[in-house]
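# dropping the sequence and predicted coords here.
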Amino acid sequence: METNYLLPNKFKKLGWVLFGLGLLGGVYIYATGLTDEFLKVKVLSIYDNQIFGKRSFFKIVENGIFDELVSVFIIVGGFLVGFTKEKIEDEFIYKLRKDSLVWALIVNYSILLVAILFVYDMTFLHILFFNMFTTLVFFVIRFSVLKYKYLSHEE
Amino acid sequence: MKNRLKVQRAIHELTQADLAEKIGVTRQSINAIEKGKYVPSTVLALKIARLFNEPVENIFTLEDND
C-alpha cells in the first residue's frame, strides 16, 4: 500500500474550511443569481471565442471573480480533505478512500447519464455546472460517512 | 473467512484500541476485521498472529465459500 501521493495531515483542516466556504459561496451564487459586479478585477484570458466570431489569445479582461474563487475553493478544499493523510494511514483507510472514489464516479456518471437523456436546454446547462463539482463532493461525503461509520462502531 | 480475533483479544485482555496501537493500525480496521467487513492483508494477519504468539490459521480460517 503506497500512499506517497497523499499530502500531510496538517492540511486537512484547511481543506474543510475552503471546502465549506466554497460550498456556501456556491449556494449563495445559485440562490441569488450571479452578479458579475462583485470583486471585479483584471484577469488573464488565455483563450476567448466570442459568439459573433471575435477570437483572442492572451488578453487582459475585467471579470467579477467571485464565481472563480468559489470554484477554486471547492476543488482545492475538496482535494485537501480527500487526499491528505489521515492521522493513521493503514490499509483499511486506503480501502475506504479507494471505494469512495469508485462510488463517487459511478454515482456521478449515473446521474449525469439520466440528465443527458431526460433534461434539455438551459436546465441541462445548470446540471453541467453542478457536475463540475459533484464527483468531488460525492467522494468527500462518502469518504466522511464511511470513516464515521467505522469510527463510531463500539466493540 | 472466519476469524477468532475477538477471542484472542479477550485471552490477552486487549481492547480494540490497544491492539490497534500495538500493530500500528487504526481501531477502525480492527473493528472492521472482527465484524467480518474487512479481510486484512497477509502482512497484517501475520503481524496479529505474531503478537498473539499463535499460528495464523488459529486466528484466520478459510470458509467453504471463499
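That came through fine.

# now do residue A:118 against residue A:65, distance only.
Between residue A:118 and residue A:65 the computed distance is 34 Å (CB to CB, to the nearest Å). The C-beta positions use only the backbone N, C-alpha and C, and glycine is treated the same way.

# just residue A:26 next, same as before
Residue A:26 sits at a distance of 14 Å from residue A:65 (criterion: CB to CB).

# please identify which helix or strand holds residue A:75.
Assigned by DSSP states H and E, residue A:75 falls within helix A:66-83.

# relative to chain A, which residue of chain B is the closest?
Of all residues in chain B, residue B:29 sits closest to chain A, with a separation of 3.4 Å (CB to the nearest CB).

# that residue reaches residue B:39, doesn't it?
No - Residue B:29 is beyond contact range of residue B:39, at 10.9 Å (criterion: CB atoms under 8 Å).

# between the two, who's got more neighbours?
residue B:29 (26 against 14; other CB atoms under 10 Å in any protein chain shown).

# tell me the contacts of the more buried one?
If a contact means CB atoms under 8 Å, 6 or more residues apart in numbering or on different chains, then residue B:29 has A:90, A:91, A:92, A:93, B:20, B:38, B:40, B:44 as its contacts.

# do the same with residue A:11
A:80, A:84.

# list the buried residues in stretch A:47-66.
Using 16 or more other CB atoms under 10 Å in any protein chain shown as the test for burial, stretch A:47-66 gives A:64, A:65, A:66.

# what's the burial count for the closest residue to chain B within chain A?
Of all residues in chain A, residue A:92 sits closest to chain B, at 3.4 Å by CB to the nearest CB. Here the count is done by other CB under 10 Å, and residue A:92 has 25 residues near it.

# okay, and it sits in which element?
Per DSSP H and E: helix A:91-118 holds residue A:92.

# which elements pack onto that helix?
Using 3 or more CB pairs under 8 Å, 6 or more residues apart in numbering or on different chains; DSSP states H and E as the contact test, the elements touching helix A:91-118 are helix A:121-151, helix B:27-34.

# tell me what angle the longest one forms with helix A:66-83.
Angular relation of helix A:121-151 and helix A:66-83 on a 0 to 180 degree scale: 30 degrees, by axes from the mean of the first three to the mean of the last three CA atoms, to 10 degrees.

# quick one: mean pLDDT for helix A:121-151?
Here helix A:121-151 scores 91 as its mean pLDDT.

# could you pull out the buried residues of that helix?
Going by 16+ other CB under 10 Å, helix A:121-151 has these buried residues: A:127, A:133-140, A:142-143, A:146-147, A:150.

# distance to chain B added to these, as CSV?
Formatted as CSV, those follow (distance: CB to the nearest CB, whole Å):
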residue, distance to chain B
A:127, 35
A:133, 28
A:134, 27
A:135, 25
A:136, 23
A:137, 23
A:138, 21
A:139, 18
A:140, 18
A:142, 15
A:143, 13
A:146, 9
A:147, 7
A:150, 4
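
# just give me the closest of these to residue A:59.
Comparing the buried residues of helix A:121-151 against residue A:59 with CB to CB places residue A:133 closest, at 27.3 Å.

# pull the longest helix from chain B.
If each helix of chain B is counted by residues according to DSSP state H, the longest one is helix B:42-52.

# in chain A, which ranges drop under the pLDDT threshold?
In the prediction, chain A carries residues with pLDDT under 70 at positions A:1-2, A:36, A:153-155.

# tell me, how many neighbours does residue 35 end up with?
Just going to use chain A. Residues near residue A:35, counting by other CB under 10 Å, number 10.

# oops, wrong one, chain B.
Applying the criterion other CB under 10 Å, we find 13 residues in the vicinity of residue B:35.
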